[in-house]
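> Structure for this input, please:
(chains A, B, C and D)
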2 protein chains.
Amino acid sequence: MAKVKLIDVAQLASVSKSTVSQYLNGRFDYMSKETQVRIRAAIKELDYVPNPIARNLKADKTKTIGVIVRDITGFDTSRTIRGVDDYCKAIDYNALIYNTDFDPDIEAKSLEALYQLRVDGIIIASSGKNNQLISDYIKKGMPIVHFQLEHDGSEKNLILSDYRQAAFDATEYLIQLGHKRICFVTQDFKNVKSRNERYIGYASALEKHHIPLDKNLIQYWQRETGFEHSPKSILSASAAPTAFFTQHLAITTELLTHLNQEKISIPDDVSLIGFDEIPMAEFFKVPITVVKQEPYIIGKEAAKLLLENINDKNRHSQKIMISCSITQRQSCASPREDISL
Amino acid sequence: MAKVKLIDVAQLASVSKSTVSQYLNGRFDYMSKETQVRIRAAIKELDYVPNPIARNLKADKTKTIGVIVRDITGFDTSRTIRGVDDYCKAIDYNALIYNTDFDPDIEAKSLEALYQLRVDGIIIASSGKNNQLISDYIKKGMPIVHFQLEHDGSEKNLILSDYRQAAFDATEYLIQLGHKRICFVTQDFKNVKSRNERYIGYASALEKHHIPLDKNLIQYWQRETGFEHSPKSILSASAAPTAFFTQHLAITTELLTHLNQEKISIPDDVSLIGFDEIPMAEFFKVPITVVKQEPYIIGKEAAKLLLENINDKNRHSQKIMISCSITQRQSCASPREDISL
DNA sequence: CAAATAAGATAAACCGGTTTATCTTATTTG
DNA sequence: CAAATAAGATAAACCGGTTTATCTTATTTG
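Next up, the predicted model:
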């Protein structure tokens, strides 16, 4: 590519490499006005651009951070990454994205790759299967901030939605509509604190309103195998729920598919509030009410937090929570009288 | 971070830096078996990881490419980037993403930033406002491949959907349903070949079926100002269209919003086929039929084409076209009799 | 006016690797 | 058995910058 190097500029301006380097780094008081003028002219004439590789080698900095996510393609994820990237670009950093599809092996490889690349820091939404590995890298001096997923034992730098409050709000919203049997649809939440937090929010909203928690209304879903019990069977059980509260977009989507297939109508037969914003929800047959997170803000804040840690290695770690908000649409209504009895 | 360097390994293994370097680069026939064993042991003991920065400085390669897009957040765009990234990661490359929001200034700055970073090549969906700048960089030796957007005068390496065929297919599909007055809703397409191609596809489908092209059925939309004529006014004109064919997702979305507001029903009052896949379309009040592109494949192919150019600078440039396909849903029906007369 | 200081600039070491030319020593060749 | 060759290894230059110690020369100080 560009073959002009610092020495060429130095020769053209009849000064030493050192002086040109000083000039490039803005230390103008080390040279006379005329020298500055000559260097400026030489740089312009040669169309010189400093080589950041050489510069970074000396500085032991890459001005690059790594971001490890499940899949950049996700609606919220792409927005988080945009937030990270906007913050980075503004301070002349770059972000390297690694998609893991939540495979712990790929996650481990991504961490190692970023470590080898000497990125200045890493932002990760981790699977929770590599906690030991991650703390090893932290020990080696790599600044790491977690986002969105919190795991027991990973109490380091962390930024995430206030899941507990959000789940509390969503549950209370349904209660205020008159629901008493609210089905909490979730992935397994042991060891995954950010899922457990939602559960706590749900439970405490029930408690506040003196509604007993019915374990049968906690329903599980897995990415590979789907629902443990089909939505249809859940709805035809003895004390069937009058509302679903799904804990993330993939669950919401799959539940909707089931409900459509079974011709179960929302909100007439059952109400639904989902966690995570739904793209184009306004065009849905029934626009779905959601608790929406702020992925873009989370991305920006994550980048900010990481950079603070990069620039001050002795910083105490912190946990930042971002509020969620309910976007009311048309999937929640008061339960039918006959059911609520 | 890792402070172990090559010289440490060399000392521990009691050999010279050169030999360790040879080892690292797999040139084992330059040393004895025992030496190899000693070096291997030393690397392991010290947990040594070569510094790619130093390596790249010498190699004058960064193993990094740049990707300039409007916004990573877009449904198709995020998938294209995933394609690019998957290809890159498989060959030990990284991709740096730059979002421009289609601002030509930001686009120019992104190009310059990537040039200064010495990336090995660039993939760009360009605004068309920086054609001169782009050819300057190409002249300076930067491999660049365009994707999705083709502009007059930028006939270099290019990968994009077969827009002409896709528009032809979509138009013919509507014709076969009985439509004769099909409204082609587009952004201004002079100087933007990839938009013009759609127009040609549309026009030639009409011609094949002996339907005269009515200029009043070509309707314009702009990102900032929206529709030139409101959909309502278009539909109440004398020879109103019986179907809309929108040229990308943003147009489709905005048209849907208008139609909903005016309580114009699809496909009863008017049919609609959109360009670009729509997320979660299956849950729509009226699931929209679309011509869908293959963003992931385009991303992979773009990366592949770029790498070919990086590795063989004298390569002749090429243009690759990827087929689109129609996903039939429920927004297209035969026109009402009274209207078609 | 000699000594101390300030201004302006440079030489040389360094960052962490790679590569090429060269050197040793042992082995093969005629 | 001397000369040529092969095997194994290293010294030194290089990639393109930055930084520190040092050097000149002009200016200030007492």
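
> so where's chain A uncertain?
Counting by pLDDT under 70, the ranges of chain A that qualify are A:1-2, A:153-155, A:337-341.

> Tell me which stretches of it form helices.
For chain A, the helices defined by DSSP state H cover A:6-13, A:17-24, A:33-46, A:52-59, A:75-90, A:104-116, A:131-139, A:163-176, A:193-208, A:231-235, A:249-261, A:295-311, A:337-340.

> what angle sits between the fourth one and helix A:17-24?
In terms of direction (axes from the mean of the first three to the mean of the last three C-alpha atoms, to 10 degrees), helix A:52-59 departs from helix A:17-24 by 100 degrees.

> by contact count, what packs against helix A:52-59?
On a contact count with 3 or more C-beta pairs under 8 Å, 6 or more residues apart in numbering or on different chains; DSSP states H and E, helix A:52-59 meets helix B:52-59. C-beta coordinates here come from the backbone N, C-alpha and C atoms, glycine included.

> So is the helix it packs on next to DNA strand D?
Yes - legend: contact between helix B:52-59 and DNA strand D by C-beta under 7 Å from any atom of the strand is shown at B:54, B:57-58.

> Pull out the buried residues from those residues.
Buried by 16 or more other C-beta atoms under 10 Å in any protein chain shown: B:54, B:57, out of those.

> ok so, going back, would a markdown table of the helices of chain A with distance to B:S16 be doable?
Listed next are these as a markdown table, based on distance: least, C-beta to C-beta, whole Å:
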| stretch | distance to B:S16 |
| --- | --- |
| helix A:6-13 | 28 |
| helix A:17-24 | 28 |
| helix A:33-46 | 37 |
| helix A:52-59 | 21 |
| helix A:75-90 | 40 |
| helix A:104-116 | 24 |
| helix A:131-139 | 31 |
| helix A:163-176 | 56 |
| helix A:193-208 | 51 |
| helix A:231-235 | 69 |
| helix A:249-261 | 56 |
| helix A:295-311 | 35 |
| helix A:337-340 | 82 |
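
> can you redo those helices as a markdown table with distance to DNA strand C?
Output for the helices of chain A, formatted as a markdown table (distance: least, C-beta to the nearest atom of the strand, whole Å):
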| stretch | distance to DNA strand C |
| --- | --- |
| helix A:6-13 | 7 |
| helix A:17-24 | 3 |
| helix A:33-46 | 3 |
| helix A:52-59 | 4 |
| helix A:75-90 | 24 |
| helix A:104-116 | 10 |
| helix A:131-139 | 17 |
| helix A:163-176 | 42 |
| helix A:193-208 | 37 |
| helix A:231-235 | 56 |
| helix A:249-261 | 42 |
| helix A:295-311 | 17 |
| helix A:337-340 | 68 |
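
> Which of these sits closest to B:T246?
Shortest distance between B:T246 and those, using C-beta to C-beta, is found for helix A:75-90: 21.4 Å.

> Contacts for the closest one next, please.
A:65, A:67, A:69-72, A:94-95, A:97, A:123, A:125, A:147-148, A:249, A:276-279, A:293, A:295-304, A:307, B:71-73, B:78, B:97-99, B:279 (C-beta atoms under 8 Å, 6 or more residues apart in numbering or on different chains).

> Check stretch A:38-45 too.
With C-beta under 8 Å, 6+ apart as the test, stretch A:38-45 has contacts from A:9-10, A:12-15, A:19-20, A:23, A:31, A:48.

> check contacts around A:L259.
Applying C-beta under 8 Å, 6+ apart, one finds that A:L259 lies in contact with A:231, A:265-266, A:270, A:272.

> Restricted to buried residues, select these in ChimeraX.
Remark: buried members of the contacts of A:L259, expressed as a ChimeraX selection using 16+ other C-beta under 10 Å:
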select /A:231,266,270,272
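
> returning to what we had before: of the contacts of helix A:75-90, keep whichever come out buried.
In these, burial by neighbour count holds for A:65, A:67, A:69-70, A:72, A:94-95, A:97, A:123, A:125, A:147-148, A:249, A:276-278, A:293, A:295-304, A:307, B:72-73, B:78, B:97-99, counting by 16+ other C-beta under 10 Å.

> Throw the contacts of A:L259 into JSON lines and include distance to B:K313, thanks.
Listed next are the contacts of A:L259 as JSON lines, based on distance: C-beta to C-beta, whole Å:
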{"residue": "A:P231", "distance to B:K313": "58"}
{"residue": "A:S265", "distance to B:K313": "62"}
{"residue": "A:I266", "distance to B:K313": "58"}
{"residue": "A:V270", "distance to B:K313": "62"}
{"residue": "A:L272", "distance to B:K313": "57"}
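
> Pretty sure A:Q293 sits against A:D276.
Yes - judged on C-beta atoms under 8 Å, A:Q293 makes contact with A:D276 at a distance of 6.4 Å.

> Up against chain B, what does the stretch 101-250 of chain A have?
Proximity of the stretch 101-250 of chain A to chain B is confined to A:115-118, A:140-142 under the rule C-beta under 8 Å from any C-beta of the partner chain.

> Quick one: buried ones out of these?
Applying 16+ other C-beta under 10 Å to these flags A:115, A:117-118, A:142 as buried.

> Which one of these is nearest to B:K109?
B:K109 lies nearest to A:L117 out of these, by C-beta to C-beta, at 24.3 Å.

> And for the closest residue to that closest one other than its chain neighbours, the neighbour number?
Excluding the flanking residues, the one nearest A:L117 by C-beta to C-beta, 6 or more residues apart in numbering or on different chains is B:P52, at 5.9 Å. Around B:P52 there are 18 other residues, counting by other C-beta atoms under 10 Å in any protein chain shown.

> Next: A:T62.
Counted with other C-beta under 10 Å, the neighbours of A:T62 add up to 23.

> who touches it in this structure?
Applying C-beta under 8 Å, 6+ apart to A:T62 gives the contacts A:56, A:117-120, B:53.

> let's see 10 Å
A:T62 sits next to A:52-53, A:56, A:93-94, A:96, A:114, A:117-121, B:1, B:52-53 when contact means C-beta atoms under 10 Å, 6 or more residues apart in numbering or on different chains.

> Test my guess that A:T64 contacts A:I123.
No - contact criterion C-beta atoms under 10 Å: A:T64 and A:I123 do not qualify, at 12.0 Å.

> Quick check: neighbours shared by those two?
In terms of C-beta under 10 Å, 6+ apart, A:T64 and A:I123 are both contacted by the residues A:88, A:95.

> dump the residue contacts of the closest residue to DNA strand C within the stretch 201-341 of chain A.
Among all residues of the stretch 201-341 of chain A, A:K313 sits closest to DNA strand C, at 16.6 Å; criterion: C-beta to the nearest atom of the strand. By C-beta under 10 Å, 6+ apart, the contact set of A:K313 is A:141, A:143.

> Kindly report the same for the one 10 residues further on.
Contacts for A:S323 (C-beta under 10 Å, 6+ apart) come out as A:161-162, A:165-166, A:169, A:293-294, A:297.

> give me that answer again for 6 Å
By C-beta atoms under 6 Å, 6 or more residues apart in numbering or on different chains, A:S323 lies in contact with A:D162.

> again with A:I144
If you count contacts by C-beta under 6 Å, 6+ apart, A:I144 has them with A:122, A:138.

> before we move on, back to that, of all the residues of the stretch 101-250 of chain A next to chain B, which comes closest to B:W221?
Nearest to B:W221, judged by C-beta to C-beta, of those is A:L117 at 43.1 Å.

> Would you mind measuring from that closest one to A:R315?
Distance of A:L117 to A:R315, given as C-beta to C-beta, to the nearest Å: 23 Å.

> A:T171: how many residues sit nearby?
A:T171: 27 surrounding residues under other C-beta under 10 Å.

> Tell me how many other residues surround A:N216.
Residues contacting A:N216 under the criterion other C-beta under 10 Å number 14.

> can you check the one 5 residues further on too?
Applying the criterion other C-beta under 10 Å, we find 21 residues in the vicinity of A:W221.
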